[in-house]
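> Sharing a model prediction with you, sequence too.
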Amino acid sequence: MKKILWISVWLWMCVGACTPKEEPVDPGKVEDEVKKAIVDVMREWYFWNDQLPATIDLSKFPSNEELLDGILYKPLDRFSYLTTQENFNNSFVGKNAGHGFGFAFTADEKLYISFVFNESPAGKDGWKRGWEITQINDKPIADYKTSTGGYDFKLGGPDPGITNKFTFKLPDGSTTTRSNTKAEYQSNSVLDQRIIQVDTKKVGYWAYQSFKATAGLSPTRSAEVQTSMEYFQSQGVQELIIDLRYNGGGSVAVAEQICNYIVQSSNTGKLMYTNQLNATKTAQNSSRNFNKIGNINLSRVLFITSRSSASASELIINALDPYMDVVLIGDNTFGKPVGSFPLSSYNRILQTNNVEVVPITFAIANSAGKAEYFDGFPADFKIGDSPQIAWGDTKDLRLAAAIQYIRTGTVGNRMKDSYFKPSWEIIDAFKGLQQEFPVF
């Protein structure tokens, strides 16, 4: 028994001695590994990788965000960003957090709700486009103006649980004060759809806020887009007005879906657009052709645009332009002729540490080769915004101008005199991922 006991003790001591101890994680080492991984994927995939510094001293950058900002090709890149894998994936299928509404100014610097998502905290509280915002957290709007002429409303991040107070003047002249708490919600992309009778023509009007895919659908597409286009098809629309004035972009696959509904059947199989990657990735350059969906038959499409119309909004304008008459009413677009895809899947360290790098990885050209529109697409007719007017109301200046163009082939000087250039638009309030889906 003594011998057995001695052997047991010896084995226990041996196992204890031979079991490797877990080394404490060195946060500094992990941080350096993540920074190096960011640089590695940028050198491989960044569209302007030939403009990256030859040597990069990681110790000079206190954070990952400062590192990325410090190495970007600033003359053209206003778009690359970092986020988490979850935030990236959620945004592109409309899983949001926040109050769930947008702002816009009139020419006299009055601030209005510009749009509201149905299932958001603001939507569930009954907020509507056209409500004037007179105070935020008991301060007048003028108090939030910055030294550069923009606005910082200090509403906090998108995290659930943050409460802000808003005072509104309603269209009937009454006032109401509402406290609203940010929460998670599923956002809608279609803000309004209707048929407007213009003389003998049936005109479809479609206010579309962001190119979001429906989760779980394969191939990637939007059920909302399908429902809207089938509605317009069933109504036999002869003209279509697509309102993208607050649309910062989103899913390229959904943009393709919309193009395929709008393009004529005769253009099926023709080039929609091409993607060009950097010089080390030319083997992965690609192109997409039209594949007509449904039977909507249009010779032209009218887009309502602003400086908040960006990315995928500009892609569909550019892709359709060689094949049909495209008319822009409102203001010049933002200017993003380039695109991104997330890079964490190409690097184990980024994936393990939940760091999503989303830099510019390709340039987009239409079938005519048009690819350089960093200054945006110019509006054919510059018309002022009317956020105080409800969706689909023909008193909205930009919608009224589109209808006038359908009637007469032009827009009168009186309508053009309404144009003003806002010093601040909703897209200016955000950076990175949120700039693609700008909402408070």
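That came through, no problem.
> now what about stretch 429-440, what contacts it?
With contact meaning Cβ atoms under 8 Å, 6 or more residues apart in numbering, stretch 429-440 is reached by 79, 81-83, 87-88, 91, 96, 98-103, 117, 151-153, 155, 158, 187, 210, 212, 246, 248-250, 308, 310-311, 358, 426-427. C-beta coordinates here come from the backbone N, C-alpha and C atoms, glycine included.
> what ranges do the helices span in the stretch 301-440 of the chain?
Per DSSP state H, counting those that start in this stretch, the stretch 301-440 of the chain carries helices over the ranges 312-320, 348-352, 397-408, 413-416, 433-436.
> most packed of these?
Mean neighbour count, computed with mean count of other Cβ atoms under 10 Å, is highest for helix 312-320 among those, reaching a mean of 25.
> Let me know the average pLDDT across that helix.
In this model, helix 312-320 carries a mean pLDDT of 98.
> correct me, but residue 428 touches residue 150?
Yes: between residue 428 and residue 150 a contact is recorded at 5.8 Å, counting by Cβ atoms under 8 Å.
> Just list the residues touching residue 58, thanks.
32, 35, 36, 39, 67 are the contacts of residue 58 under Cβ under 8 Å, 6+ apart.
> Including pLDDT, could the residues you listed go into CSV?
Output for the contacts of residue 58, formatted as CSV (pLDDT from 0 to 100):
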residue, pLDDT
32, 90
35, 97
36, 97
39, 98
67, 98
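> which residues of this structure score low on pLDDT?
1-28 (pLDDT under 70).
> Please parse it into its domains.
Domain assignment for the chain, taken from automatic domain parsing, gives 97-185, 189-343+360-436.
> Out of those domains, the one nearest residue 72 is which?
domain 189-343+360-436 (8.7 Å; Cβ to Cβ).
> In helices, which of the contacts of residue 58 appear?
Mapping these onto helices (DSSP state H) picks out 32, 35, 36, 39, 67.
> Quick one, which of the contacts of stretch 429-440 are buried?
Neighbour counting over these (16 or more other Cβ atoms under 10 Å) leaves 79, 81-83, 87-88, 91, 96, 98-103, 117, 151, 153, 155, 158, 187, 210, 212, 246, 248-250, 308, 310-311, 358, 426-427 as the buried ones.
> Among the residues you listed, which are located in helices?
87, 88, 91.
> where's the closest residue to the first one other than its chain neighbours relative to residue 333, distance?
Yep, that's residue 87 we're talking about. Leaving aside its chain neighbours, residue 87 sits nearest to residue 433 (6.3 Å; criterion: Cβ to Cβ, 6 or more residues apart in numbering). Note on residue 433: its distance to residue 333, by Cβ to Cβ, to the nearest Å, is 20 Å.
> go on, residue 220?
Residue 220 is 24 Å from residue 333, by Cβ to Cβ.
> Between these two, which has more neighbouring residues?
Taking neighbours as other Cβ atoms under 10 Å, residue 220 and residue 333 compare with residue 333 leading, 28 against 16.
> excluding its backbone neighbours, what's nearest the more buried one?
Distances taken as Cβ to Cβ, 6+ apart put residue 376 closest to residue 333, at 4.0 Å, once the chain neighbours are dropped.
> Tell me, how many residues neighbour that neighbour?
Residue 376 has 20 nearby residues by other Cβ under 10 Å.
> That one contacts residue 313, correct?
No: applying Cβ under 8 Å as the test, residue 376 and residue 313 come out as separate, 10.3 Å apart.
> which neighbours do the two share?
Joint contacts of residue 376 and residue 313 (Cβ under 8 Å, 6+ apart) are 333, 334.
> Which stretches in the stretch 51-200 of the chain count as strands?
Taking DSSP state E, counting those that start in this stretch as the criterion, the stretch 51-200 of the chain carries its strands at 81-83, 95-98, 101-105, 111-116, 132-136, 139-140, 163-169, 175-181, 183-186, 190-198.
> Which of those sits closest to residue 57?
Among those, strand 81-83 sits nearest to residue 57 (Cβ to Cβ), with 19.0 Å.
> Going by contacts, tell me the helices and strands next to the closest one.
Using 3 or more Cβ pairs under 8 Å, 6 or more residues apart in numbering; DSSP states H and E, the elements in contact with strand 81-83 are helix 64-71, strand 356-358, helix 433-436.
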